[in-house]
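Undergrad: what shape does this take:
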Amino acid sequence: MRSKGVFLGDNPLKYPTPILYMQLSIAALVTMLFQSVLNPLGESAFISQMLAGILLGPSCLGGENDFADTVYPVKSFYISQTFAFFGCMLFLFLVGVKMDMSIAKRSGKKAVVIGLSAFFVPLVLNVCLTFVLQRTVTMEPQLHKSLIVIAVLQCQSSFHVIACLLGDLKLLNSELGRLAVSSSMISETLSWIHIIISFTLRQGTMKNIQNLPFMVLSLAGLLVLILCVLRPILLWMVAQAAKRKAIKESYIFSIFIMVMLCCLLGEIVGQHFMLGPMVLGLAVPDGPPLGSALVDRLNSYVSNILLPSYFVLTGAGLNLSRIRMKTFVIVEVLALSSFCGKLLGTMVPSLYCKMPATDALALGLIMSAQGITDLLILQHGLLIDGECYSIMIITSVLLTGIITPIVKFLYKPSKRYKSAKRRRTIEHSLPNMELRLLVCMFHQDSTPSIINLIEVFNPTPKSPICFYLVHLIRLAGRTAPVLIAHRPGKSNSTTALSDHIINAFRLYQEHNAGRVLMNAFTAIAPFDTMHDDVWSLAFERRTSMIIIPFHKLFCALRCTEEVAHPIRSVNRNIIRNAPCSVGILVDRGTLNKKPTALQASLSGRSFYNVGTIFIEGPDDREALALATRMAGNPNVSLTVTKLTDPKQSSTQKEIDSEVIRKYQEAIVDKKQHVYNEVHVKDSVDMINVIRSMENFLDLILVGRRHDCDSQLFMGLTEWNEFPKLGFLGDMLASSDGNCEVSVLVVQQQSFVPSQKEKTDDFFSCHVKDSDSVLDIPHDSTNKVWPL
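TA: Residues are numbered from 1 along each chain as shown. The predicted structure follows:
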């Protein structure tokens, strides 16, 4: 089994263990190389895995040559196959763990109808076409016998495949993605019921039909064991983990034993080995603490090391040289029929529900995608010979490879927000109207500063603030994202991490009744698509501004970074195509040095010193419009400093002057507010003015985008630590500076898309304005709860 080493005269490649290590390494390496090339082109991971399997299979490198004799000798097949199926068993278990069956319960009527139609339409169409082909076309006896099986298997759908495809396309949180996830869950549930019944009937009638009742009872006993014995044990583990706040190693070991036991029992009762682990995975409570712990510990090793060997095994079953043209045409006719049936079954109900035609087409293509679970079903489909199997595998690869880039081209989630016909900004909102905000939270450390910031925004009975709080949590232990709306008096075990944050804001609302309204959400999503939830909430709730915390947490001069890189990426995605204005809060603790708004409401109000730097452009106007609203707060002292540039464009001057005039009118007879104009010639003068303001302020408001060619920013474009904050925001937030004041970097909604930001070092500055105004009337007698 093991080599003594080359130094003792042994050839390691003559022993099974070193050969296994080499096979696993080569399969993982080739798969990674394909992914590095194809992923940027929009292809899913399934295409890379299958191409690696085909490349290492007998159709290419694994044929009759020295490479195959050395790396894939015949004597190693048994061990390689065992490891491949072991990895497949763990993978299917993880698929079950990450599936949330409650999605099927929560699915709306549209998703249910699309899911049912996507399953039955291609099935009926393919079965009818099969009967026609069997009666009208002469074919090989084996193909004639297996044609109905081929037709049925090509109509199956997989929730996991579609969810992974959406994840690769970064569409999981989009409107189309959520509909596809819900519909595929309905369709896959029907597919598995159909597969289990067909497999049981086929197994029970192959030798003796009298065995069928015993097989059915044995299958029912296996399901009862998992649901009534093993699931209560898993729930007990979750309860114990909640008390200890950790998953014990003995729990993980026990679950491994359960997986292998279910696998063994499935084989004993005549079912396929993958059924037991997958049902057990469904019985595991998804998400933290148990589901996420299993996924974190197993997913990378199984997906990147063990699973590629399964695709090599799949490629070993392909032999393109044995495919006959007539068989190929017949199988492809059924594949085309299945594809058209899924497309038709998805598009017709989607169009009936008033979905745009391009979105309906994209949804139909997504529902037609195939992946690893389809391979497993095909590989163990009864009565399918090697020739038909090879044709169906190649068809799956080609179909999915073509679908992915087409969907990426057809569906752009951001187009929904760019098509808005109304300005959703603070500048274009009328005074004495309700101000709607969307507040994003990544961790509870930002809670006091955000509460104080809302208080500075001056909520009053005549102009209250209705803010939507969304706690953003990384998706772990699940396949599909979750957006949960919290209702007062109702608890949810899934969102225990949000309770402290929501309770703090809810207490603030209770002590400011009539001035503040709060609606809470929890969004559990991958970091790559988390911004879609933020965009959707801001768009549907008609908010004027999104408040997002900076990705770094500051404590005096010391900076701590918690999950900084992914949060930075989320913030970058949010500001890219936000459907309203955005404010990025760089919290250095100055808003927390005084009592929080909640504490102040009980023991006197706090006083805040706020400064605004105004140069030119829409973002500076939005910051000044926000400062104008703050001017009505008697506990706020405002200092607005306008830095004048002699070369400022006349168009900008006219628009800027109107906003400045409104601010000057708002501060009449209010001695605590100041307006200054300072002439500066270059960036050095500007930096000196800003530095002179830092020592006596609690908060500074600045715009994000400015004219790159302005004399005031010469030299600042050469180095940027945080380019997405803009020139001024980067200067105030940079760790190289000595700034200790909190900063709110403001970006106004781009009603007409601005120039494309090619790199992080470039900032478009001029955004075309619109005269449209968004008015949100306020009814003080009714609270605004989510629909």
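
Undergrad: ranges for the helices of the stretch 201-350 of the chain?
TA: Applying DSSP state H, counting those that start in this stretch to the stretch 201-350 of the chain gives helices spanning 212-225, 231-244, 249-268, 275-283, 290-301, 307-316, 325-352.

Undergrad: tell me the angle the second one makes with helix 290-301.
TA: The reference is to helix 231-244. 100 degrees (axes from the mean of the first three to the mean of the last three Cα atoms, to 10 degrees).

Undergrad: mind giving me the packing neighbours of helix 231-244?
TA: helix 249-268, helix 290-301 (3 or more Cβ pairs under 8 Å, 6 or more residues apart in numbering; DSSP states H and E). (Glycine included, C-beta is placed from N, CA and C.)

Undergrad: what angle sits between the shortest one and helix 249-268?
TA: Right, helix 290-301. Using the same axes, to 10 degrees: helix 290-301 against helix 249-268 is 70 degrees.

Undergrad: for helix 290-301, C-alpha coordinates in CSV please.
TA: Below are the C-alpha coordinates for helix 290-301, written out as CSV (Å, rounded to 0.1, in the frame of the first residue of the first chain):
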residue,chain,number,x,y,z
LEU,A,290,-24.7,23.6,13.7
GLY,A,291,-25.3,24.0,9.9
SER,A,292,-22.8,26.8,9.5
ALA,A,293,-20.2,24.8,11.5
LEU,A,294,-20.5,21.8,9.3
VAL,A,295,-20.3,23.8,6.1
ASP,A,296,-17.3,25.8,7.3
ARG,A,297,-15.4,22.6,8.3
LEU,A,298,-16.3,20.4,5.3
ASN,A,299,-17.2,22.6,2.3
SER,A,300,-13.8,23.7,1.2
TYR,A,301,-12.2,20.2,1.5
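
Undergrad: buried residues in that helix, which are they?
TA: By 16 or more other Cβ atoms under 10 Å, the buried positions in helix 290-301 come out as 290-295, 298-299.

Undergrad: neighbours of the closest residue to C580 other than its chain neighbours, how many?
TA: Once flanking residues are discounted, C580 sits nearest to R424: 3.7 Å by Cβ to Cβ, 6 or more residues apart in numbering. Other residues lying near R424 total 26 when counted by other Cβ atoms under 10 Å.

Undergrad: surely R424 is in contact with Q749?
TA: Yes: between R424 and Q749 there is a contact under Cβ atoms under 8 Å: 5.5 Å.

Undergrad: joint contacts of those two?
TA: In terms of Cβ atoms under 8 Å, 6 or more residues apart in numbering, R424 and Q749 are both contacted by the residues 579-581.

Undergrad: per-residue confidence averaged over stretch 453-468?
TA: Averaged across stretch 453-468, the pLDDT comes to 90.

Undergrad: right, and the pair among the buried residues of helix 290-301 with maximum separation?
TA: The most widely separated members of the buried residues of helix 290-301, counting by Cβ to Cβ, are L290 and N299 (14.1 Å).

Undergrad: before we move on, back to that, could you dump the shared contacts of R424 and Q749 to TSV with secondary structure and distance to D707?
TA: Formatted as TSV, the shared contacts of R424 and Q749 follow (DSSP: H, G, I helix; E, B strand; the rest coil; distance: Cβ to Cβ, whole Å):
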residue	secondary structure	distance to D707
P579	coil	25
C580	coil	23
S581	strand	19
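
Undergrad: in a markdown table: these, plus pLDDT.
TA: Compiled in a markdown table, those are given as follows (pLDDT from 0 to 100):
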| residue | pLDDT |
| --- | --- |
| P579 | 88 |
| C580 | 89 |
| S581 | 92 |
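
Undergrad: TSV for these, including distance to T358?
TA: Output for those, formatted as TSV (distance: Cβ to Cβ, whole Å):
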residue	distance to T358
P579	20
C580	25
S581	29
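
Undergrad: just name the closest of these to V279, please.
TA: P579 (42.2 Å).

Undergrad: the closest one contacts K415, doesn't it?
TA: No: here P579 does not reach K415: they are 11.2 Å apart, not a contact under Cβ under 8 Å.

Undergrad: and M347, how far from Q154?
TA: 19 Å (Cβ to Cβ, to the nearest Å).

Undergrad: quick one, helices of the stretch 401-550 of the chain?
TA: Under DSSP H, counting those that start in this stretch, the stretch 401-550 of the chain gives helices at 415-418, 447-456, 499-510, 530-540.

Undergrad: related to what we said a few turns ago, who wins for proximity to S338 among the helices and strands packed on helix 231-244?
TA: That would be helix 249-268 among these, by Cβ to Cβ, at 27.9 Å.

Undergrad: distance-wise, check D374 relative to A335.
TA: 12 Å.

Undergrad: which parts of the stretch 651-787 of the chain are helices?
TA: 683-693, 726-733.

Undergrad: and the helices and strands packed on helix 231-244, which one is worst for confidence?
TA: Among the helices and strands packed on helix 231-244, helix 290-301 scores lowest, with a mean of 84.

Undergrad: what about the stretch 351-500 of the chain, any weak spots by pLDDT?
TA: 379-383, 416-422, 489-496 (pLDDT under 70).

Undergrad: which residues in it form strands?
TA: Counting by DSSP state E, counting those that start in this stretch, the stretch 351-500 of the chain has strands at residues 435-441, 465-474, 482-486.

Undergrad: nearest to L507, of those strands?
TA: strand 465-474 (12.6 Å).

Undergrad: run the chain-centre distance for the closest one.
TA: 17 Å (Cα atoms, centre = their mean, to the nearest Å).

Undergrad: end-to-end on stretch 460-471?
TA: 25 Å (Cα to Cα, to the nearest Å).

Undergrad: the closest residue to E332 other than its chain neighbours - how many residues pack around it?
TA: Using Cβ to Cβ, 6+ apart and skipping residues adjacent in sequence, the residue nearest E332 is T395, 6.6 Å away. Neighbours of T395 under the rule other Cβ under 10 Å: 20.
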